[in-house]
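In: pasting the sequence and the predicted coordinates here, then a few questions.
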Amino acid sequence: MTAVRIGPMLPEHAEQILAIYQVGIDEGDATFETTAPGWAAFDAAKLPEHRFVALGDSREVLGWIAVSAVSDRCAYAGVVEHSVYVHPGARGRGVARTLLETLIASTEAAGIWTIQSGIFPENTASLALHQRVGFRVIGTRERIGRHHGVWRDVVLLERRSPA
């Protein structure tokens with residue numbers, strides 16, 4: 001098994017991050033997006049202090065995790081929404097779990113009290129992983145959006161900091 005090292009997400013990782021994101025998009029059960037954005041748009045949308053990459057032995061990006069603020073209203077200052085994506089060749093090896101645990105530690109240290117995510121119900125592996133690391137299902141947002149012409153549900157999950 002390839003050793004995994006977690007590090008900060010850097011511009012030098014951009015090409016690999018966006019390629020992994022595009023694979024997740026193309027698989028059809030990860031996001032409503034249809035194409036990965038350019039690096040400048042991606043970078044601008046993510047909070048810089050809470051984004052990480054999992055790197056393999058040869059410094060290839062195996063996966064990434066990042067958060068966005070859910071609102072600019074001060075009442076929601078401690079609430080973020082996250083995304084986590086893993087290269088298909090690195091799945092099933094604990095990469096996503098390690099990334100999620102790193103994110104949880106980072107956000108808790110910064111006083112973030114809620115991490116949330118919306119996951120398609122068909123993405124059963126992601127739902128199970130999130131529940132294993134302390135996320136709880138809040139509910140299902142039925143027919144919340146159209147994806148390739150089909151109405152899709154999204155399961156809303158959150159993890160509240162115990163602090």
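Out: Nice, I can see it.
In: pLDDT weak spots in this protein?
Out: Applying pLDDT under 70 to the chain picks out residues 1-2.
In: what about the strands in the protein?
Out: Shown for the chain, the strands assigned by DSSP state E span residues 5-8, 51-55, 61-69, 79-86, 114-119, 136-147, 150-160.
In: of these, which is nearest Thr31?
Out: Nearest of these to Thr31, taken as CB to CB: strand 79-86 at 7.5 Å. C-beta here means a position set from N, CA and C on the backbone, and glycine is covered the same way.
In: please save the CA atoms from that closest one in PDB.
Out: Listed next in PDB are the C-alpha coordinates belonging to strand 79-86 (Å, rounded to 0.1, in the frame of the first residue of the first chain):
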ATOM      1  CA  VAL A  79     -20.500  26.800   9.900                       C
ATOM      2  CA  VAL A  80     -18.700  25.400   6.800                       C
ATOM      3  CA  GLU A  81     -19.600  23.100   4.000                       C
ATOM      4  CA  HIS A  82     -17.000  20.600   2.900                       C
ATOM      5  CA  SER A  83     -16.100  18.500  -0.200                       C
ATOM      6  CA  VAL A  84     -13.900  15.500  -0.200                       C
ATOM      7  CA  TYR A  85     -12.700  13.600  -3.300                       C
ATOM      8  CA  VAL A  86     -10.400  10.700  -3.700                       C
END
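In: quickly run through the sheet partners of that strand, with directions.
Out: Paired neighbours of strand 79-86 in the sheet (DSSP bridges): strand 61-69 (antiparallel), strand 114-119 (parallel).
In: most tightly packed of those?
Out: strand 61-69 (a mean of 23; mean count of other CB atoms under 10 Å).
In: dump the residue contacts of the residue nearest to the spatial centre of the chain.
Out: Against the mean C-alpha coordinate of the chain, by CA atoms, centre = their mean, the closest residue is Ser83 at 1.6 Å. Taking CB atoms under 8 Å, 6 or more residues apart in numbering, we find Ser83 in contact with Thr31, Ile65, Ala66, Val67, Ser68, Ser117.
In: and those as a markdown table, adding distance to Tyr76?
Out: Listed next are the contacts of Ser83 as a markdown table, based on distance: CB to CB, whole Å:
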| residue | distance to Tyr76 |
| --- | --- |
| Thr31 | 22 |
| Ile65 | 20 |
| Ala66 | 18 |
| Val67 | 13 |
| Ser68 | 12 |
| Ser117 | 15 |
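In: how about these, which pair is most distant?
Out: Using CB to CB, the pair of the contacts of Ser83 lying farthest apart is Thr31 and Val67, separated by 14.8 Å.
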